[in-house]
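Trainee: A predicted structure for the sequence below; I have some questions about it.
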Amino acid sequence: MARQLLTARLERKLLLSEPAQCFHLEFSVVDAERFDFAPGQFVSMVADDALSGKQQTRAYSIASAPEENTFDLCVNRVEGGFFSNLLCDLEPGSTVQFHGPHGLFLLKKPMTDGIFIATGTGIAPMRGFAEWLFPESGEDRSEGRHFWLVYGTRHETEIYYQKYFEKLAAEHHNFHYLASLSRPHEGWEGLRGYVQEHVAQVVTTRAQHPHSGAVASASEEGGFDIHAYICGLNEMVSANRDKLMSLGWQRKQIVFERYD
């Protein structure tokens, strides 16, 4: 059975990184007054590839929380990539077809503390989680739980949405933002190394000095008091899963989405 195709119109386009050719794209769904999805889900973009004579489909995590009939994407240009180049070359007013939302990369219920772990454009669903938990207007949905975003990339120019997350951490005592570079320049004063190293530090520190009302990473009756949400390339996802399990975590505590 064919999936229902919807039409998205590009309303706004921002360049997040010139060296990485990464763009923030804001779409409206022209076919609907509302486009409902859960933070963490993805849409599948569809277009005809004249060169191959085939229809191409590519999944992209939504980089925003649901709001009326809109959704955002975070896309970086890939050499020879049909869809990445198509989307990066779009100008406001252009349209593209898609279907969705899809996916089970969702915040667990009931709400627990969480560690968001991402590299590169894997930051997209984490921005969606953050916007939903800590909306600019409306009620805080975090329920007082603590959330750590551990974001890793190679260079400082590739730290996407940095100002947004820094502002969020400054305004909310229970949101913690850690950005780490694997190839920092000499003047970089932030964290260095791979994300799993800093994830291990968060887990260890939290277990030694739990915040008020929390227990260590052992499970509570009926569930866990903390989950990890990982989005990125397979190697990074596997490294963080292995690290967490070596610290005594169980598989059910670790939710992940790979995009390679």
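Mentor: That came in fine, so what should we check first?
Trainee: alpha carbons only for contacts and neighbour counts from here, please
Mentor: Will do.
Trainee: pull the helix or strand with minimum mean pLDDT from the chain.
Mentor: When each helix and strand of the chain is scored by mean pLDDT, DSSP states H and E, strand 219-220 comes last, with a mean of 46.
Trainee: show me what contacts Arg258?
Mentor: Arg258 makes contact with 231-234, 237, according to C-alpha atoms under 8 Å, 6 or more residues apart in numbering.
Trainee: let's see it at 7 Å
Mentor: 231-234 (C-alpha atoms under 7 Å, 6 or more residues apart in numbering).
Trainee: what ranges do the helices span in this protein?
Mentor: Per DSSP state H, the chain carries helices over the ranges 82-89, 123-133, 162-171, 195-208, 234-246.
Trainee: and stretch 117-129, average pLDDT?
Mentor: For stretch 117-129, mean pLDDT is 97.
Trainee: now swap in stretch 15-30 and tell me
Mentor: Rounded mean pLDDT across stretch 15-30 is 96.
Trainee: for it, which residues meet the burial criterion?
Mentor: Of all the residues in stretch 15-30, those buried under the rule 16 or more other C-alpha atoms under 10 Å are 15-17, 20, 22-29.
Trainee: please apply the same query to stretch 184-195.
Mentor: Neighbour counts over stretch 184-195 (16+ other C-alpha under 10 Å) mark 184, 192-195 as buried.
Trainee: again with stretch 86-97
Mentor: Across stretch 86-97, burial judged by 16+ other C-alpha under 10 Å covers 87-88, 90, 95-97.
Trainee: what does stretch 193-204 give?
Mentor: Neighbour count says stretch 193-204 has 193-196, 198-200, 202-203 buried, by 16+ other C-alpha under 10 Å.
Trainee: next one: stretch 238-252
Mentor: Buried residues in stretch 238-252, counted by 16+ other C-alpha under 10 Å: 238, 240-241, 243-244, 249-250.
Trainee: follow-up on the earlier one: which one of the buried residues of stretch 184-195 is nearest to Met45?
Mentor: For the buried residues of stretch 184-195, the minimum distance to Met45 (C-alpha to C-alpha) is 29.6 Å, reached by Val195.
Trainee: wait, isn't the closest one in contact with Val150?
Mentor: Yes: if you go by C-alpha atoms under 7 Å, Val195 and Val150 touch, sitting 6.4 Å apart.
Trainee: got the buried residues of stretch 193-204 as a markdown table, with distance to His209 and pLDDT columns?
Mentor: Below are those laid out as a markdown table (distance: C-alpha to C-alpha, whole Å; pLDDT from 0 to 100):
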| residue | distance to His209 | pLDDT |
| --- | --- | --- |
| Gly193 | 24 | 85 |
| Tyr194 | 23 | 88 |
| Val195 | 21 | 91 |
| Gln196 | 20 | 91 |
| His198 | 16 | 92 |
| Val199 | 15 | 94 |
| Ala200 | 14 | 93 |
| Val202 | 10 | 94 |
| Val203 | 10 | 93 |
